[in-house]
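K.L.:
Please work out how this folds:
(one chain, ligands or ions: 2)
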Amino acid sequence: MERDNGSTQRLVVDPKHPNPSVIREAGAVLRQGGLVAFPTETVYGLGANALDPRAVTGIFRAKGRPGDNPLIVHIEGPEALANYVERIPPAVSKLAERFWPGPLTLVIENRNKFPAVVTGGLETVAVRVPGHPVALALIRAAGVPVAAPSANISGRPSPTTAGHVMDDLAGRIDLVLDGGPSGLGVESTVLDLTGRNPVILRPGGVTRRELEAVLGPVELDPSVDGQAPGGKPRSPGMKYTHYAPRAPLLLFEGCGKESMAARILAEAGRLAGEGRKVGILACEETAQIYAREGYPVVVAGRRSDPESVAAALYESLRRFDRMEVDVILAEGISEDGVGLAVMNRLRRAAGGNIIAGPS
Ligand code: TXA
Ligand code: MG
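P.N.:
Ligands and ions are numbered 1, 2, ... in the order given. Coordinates of the predicted model:
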């Protein structure tokens with residue numbers, strides 16, 4: 001269904017104590033086959049009734065998402081899994097106890113309970129229990145599992161505010177619940193439990209170390225660093241360009257912060273000499289170095305605190321669109337903790353334009 005911009009309703013909701021009448025209304029929209037964007041503790045999601053193939057098809061249409069990229073099913077608690085999955089692997093119970101509700105998505109066998117449009121035709125399904133009061137209340141009110149990818153146009157940075165959702169999807173969806181900024185700023189960790197060993201398909205809010213404390217050794221899928229050797233990625237979403245601002249982004253990694261700044265300044269000078277408008281994505285510690293030279297700088301958190309970088313990342317990438325720069329030079333950070341997820345998203349936004357540091 002085509003809609004004009006004004007036909008997407010935006011309802012403000014208290015993020016800690018969601019207004020019951022707003023949540024009831026949103027739940028009814030989902031039950032009737034509509035599309036509702038809502039805050040989670042990671043990024044905003046675009047939800048539809050996961051048991052209604054027509055409604056789920058609407059998500060793909062609204063986002064322009066390729067049909068072979070499966071969706072995450074959001075449920076209200078681990079107990080709800082028993083309704084949809086025949087055999088719950090013991091690892092699921094252990095992980096659920098420690099990390100749900102929270103930013104961990106588990107890939108398990110599907111057994112035909114969820115329609116093929118949700119799973120991209122795979123024999124597995126990805127599920128998570130979100131840790132945001134609005135998301136949980138919405139799933140409960142809907143009374144159905146909610147399939148929800150990030151609420152952005154496919155390929156764009158994920159939305160961390162209702163404003164980002166409106167920028168991308170106004171006129172294409174029924175309703176946005178505006179609960180203020182989402183918390184973490186990067187998506188959930190996607191963990192595949194269907195093989196012999198658990199494998200991280202997408203790094204996210206729960207770190208590898210945290211998972212290993214519960215499960216023992218956890219592998220990292222080769223596609224995570226963007227260099228899957230020929231083979232087909234196990235997480236279909238990982239093969240598409242992602243999280244990208246409009247201008248091309250050049251990512252600088254793997255060097256100490258002083259030499260990184262020197263190399264970025266040199267490249268900025270060269271590009272500016274060609275008449276291009278250069279924007280720089282920097283951490284607080286080094287932002288002044290570029291600003292002093294007159295470059296527009298977007299500051300994304302502190303290098304010493306990867307969580308602050310994660311929280312600011314997508315908003316920062318979207319700011320470059322508003323600044324209309326021709327090219328973005330981005331500082332890399334350490335891959336410790338949630339830094340791995342940040343670097344994974346930056347590498348994808350760079351689409352291969354990566355400058356390695358001196359070794
Ligand atoms: O934090 C999040 O996970 C957010 C919020 C809204 O929950 N959602 C999100 O969804 O990031 P999306 O669609 O943007 O990313 C889902 C990822 C994709 O990389 C997809 O390929 C992967 O999960 N995925 C989904 N089902 C899968 C499956 N059965 N097997 C392997 N990967 C799967
Ligand atoms: Mg996404």
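K.L.:
can you count the residues close to the closest residue to ligand 1 within the stretch 51-200 of the chain?
P.N.:
Nearest residue of the stretch 51-200 of the chain to ligand 1: residue 149, at 2.9 Å (C-beta to the nearest ligand atom). In short, each C-beta sits where N, CA and C put it, glycine included. For residue 149, the count of nearby residues is 23 (other C-beta atoms under 10 Å).
K.L.:
what's the burial count for residue 16?
P.N.:
As a burial measure, residue 16 scores 9 neighbours (other C-beta under 10 Å).
K.L.:
List the buried residues for stretch 73-90?
P.N.:
Residues of stretch 73-90 classed as buried by neighbour count (16 or more other C-beta atoms under 10 Å): 73, 74, 75, 76, 78, 80, 81, 84, 85, 88.
K.L.:
got the phi/psi numbers for the first one?
P.N.:
Translated: residue 73. Per-residue torsions, residue 73: phi -90, psi 130 (degrees, to the nearest 10).
K.L.:
Quick check: bridge partners of it?
P.N.:
Taking DSSP bridges as the rule, residue 73 bridges to residue 127, residue 147.
K.L.:
Let me have the buried residues of stretch 73-90 in TSV, extended by secondary structure.
P.N.:
Putting the buried residues of stretch 73-90 into TSV (DSSP: H, G, I helix; E, B strand; the rest coil) gives the following:
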residue	secondary structure
73	strand
74	strand
75	coil
76	coil
78	helix
80	helix
81	helix
84	coil
85	coil
88	coil
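K.L.:
Lowest-confidence one in the residues you listed?
P.N.:
Ranked by pLDDT, those bottom out at residue 85, which scores 82.
K.L.:
From residue 154, how far out is the closest residue to it other than its chain neighbours?
P.N.:
Once flanking residues are discounted, residue 85 sits nearest to residue 108: 6.1 Å by C-beta to C-beta, 6 or more residues apart in numbering. As judged by C-beta to C-beta, to the nearest Å, residue 108 and residue 154 stand 25 Å apart.
K.L.:
can you check residue 312 too?
P.N.:
Distance, residue 312 to residue 154, using C-beta to C-beta: 23 Å.
K.L.:
Between the two, tell me which one has more neighbours.
P.N.:
Taking other C-beta under 10 Å, residue 312 and residue 154 do not tie; residue 312 has more neighbours (22 against 18).
K.L.:
Thought residue 303 was touching that one, still the case?
P.N.:
No: if you go by C-beta atoms under 8 Å, residue 312 and residue 303 don't touch, sitting 12.0 Å apart.
K.L.:
Checking residue 276 next. Helix, strand or coil?
P.N.:
Here residue 276 takes the coil state, with states given by three-state DSSP.
K.L.:
Count residues in the vicinity of it, would you?
P.N.:
Here the count is done by other C-beta under 10 Å, and residue 276 has 13 residues near it.
K.L.:
which non-adjacent residue is nearest it?
P.N.:
Closest residue to residue 276 apart from its sequence neighbours, by C-beta to C-beta, 6+ apart: residue 326 at 4.2 Å.
K.L.:
ditto for residue 250
P.N.:
Going by C-beta to C-beta, 6+ apart, residue 250 has residue 353 as its nearest residue, at 4.7 Å.
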